[in-house]
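J.: Sequence first, predicted model second:
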Amino acid sequence: MEDLLYRGIIDQLNIRFVLADCQQTVNDIILKQDCDPVSAAIFANAISSAALVSSLLTEDEKYTLKWRCDGQLGLVMADCNAQGHIRALISNPHLASSATTEADIWGKEGSVSVIKSSTTQILNSGTVEANFRDLAQDLAFFFSISDQIETAIVCKNIFNADPQHPIRTARAVMLQALPGCDLTIFEQVRKRLESDECKQLLTPPVVTDNLFEIIVKYLANGIVEKPTFSMEHSVSPQFKCSCTKENMIAAAASLSKAELDEAFKKDGELRITCQFCNTTHVIKPEDMA
Ligand SMILES: [Zn+2]
């Protein structure tokens, strides 16, 4: 089943919403990164968040998201483009065996960095300190502080016992205040989004025709009488790595001549494995000419 991304605006509230159903993308990346259940639970929110923010991009734009903390988790990175292609990595995919408490996992300090770029230039970049012990909330905080767009993100993941298909459900919702949005009302909608009742609405195993409509109505309910909203289908999120032999050759070109000579003398080739997708690119001396 194809993953889904929808976006729209609640008219009376000037609030943008994005809804993602991305269990396939999350499964693909979690399996590629060989995550244990503890790492997968944390990492899933980074992947779902990347799916959400891909809807904010156009043409050749791309987001690179990096979360760092001084706990065992270390680094989580995700990037996405306007076509909904998402890839991600986690420096510690085996937290179950390396951390025993939440404090071990997250450490004391954390930060989130966001770079928005096109194929030719960096459009925007920033870093904020954040350690909500939830990568989706960290990212929402980044947008609220650095881009000054009040943002809330909630993810709901449900796990399967099947190691080949660890995630049964991965859904996520993002809200953003548009110009003219009353921030006290935004807070009320945020509370509804974060409520257990709303999380319950996100859990059905299959996306029914009106699931997303029910969620948007729930969010606006009690705040406006008869909420009206527009909702459009955005690109379908999918795991897709952008690595190519050409960009690996470009990366190899940054090695010194002595390092390259040594590698080629020893094995006759240079093997570079992409950390995102595990593809090994084989570079021969003639490729470097
Ligand atoms: Zn790759």
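T.: Ah, there it is. Residues are numbered from 1 along each chain as shown.

J.: Near the ion, which residues of the chain? Just list them.
T.: Selection of the chain residues close to the ion by C-beta under 5 Å from the ion yields 241, 243, 274, 276-277, 279. Glycine gets a C-beta too; all of them are placed from N, C-alpha and C.

J.: would you turn those residues into CSV with pLDDT and distance to residue 249?
T.: Converted to CSV, the residues of the chain next to the ion look like this (pLDDT from 0 to 100; distance: C-beta to C-beta, whole Å):
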residue, pLDDT, distance to residue 249
241, 96, 16
243, 93, 11
274, 93, 13
276, 95, 17
277, 94, 17
279, 93, 14
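
J.: Tell me where the stretch 101-250 of the chain has helices.
T.: 102-106, 135-145, 183-194, 196-201, 211-220, 245-252 (DSSP state H, counting those that start in this stretch).

J.: Am I right that residue 150 is in contact with residue 181?
T.: Yes: in this structure residue 150 lies within contact range of residue 181 using C-beta atoms under 8 Å: 7.3 Å.

J.: what sits in contact with each of those two?
T.: Common neighbours of residue 150 and residue 181, using C-beta atoms under 8 Å, 6 or more residues apart in numbering, do not exist here.

J.: which residue is nearest the centroid of the protein?
T.: Centroid-nearest residue in the chain: residue 50, 2.5 Å away (criterion: C-alpha atoms, centre = their mean).

J.: If we go by neighbour counts, what in the strand or helix carrying it is buried?
T.: Secondary structure from DSSP states H and E places residue 50 in helix 37-54. Buried residues in helix 37-54, defined by neighbour count with 16 or more other C-beta atoms under 10 Å: 38-54.

J.: quick check: mean pLDDT across it?
T.: When pLDDT is averaged over helix 37-54, the result is 97.

J.: Stretch 92-105 now?
T.: The model assigns stretch 92-105 a mean pLDDT of 95.
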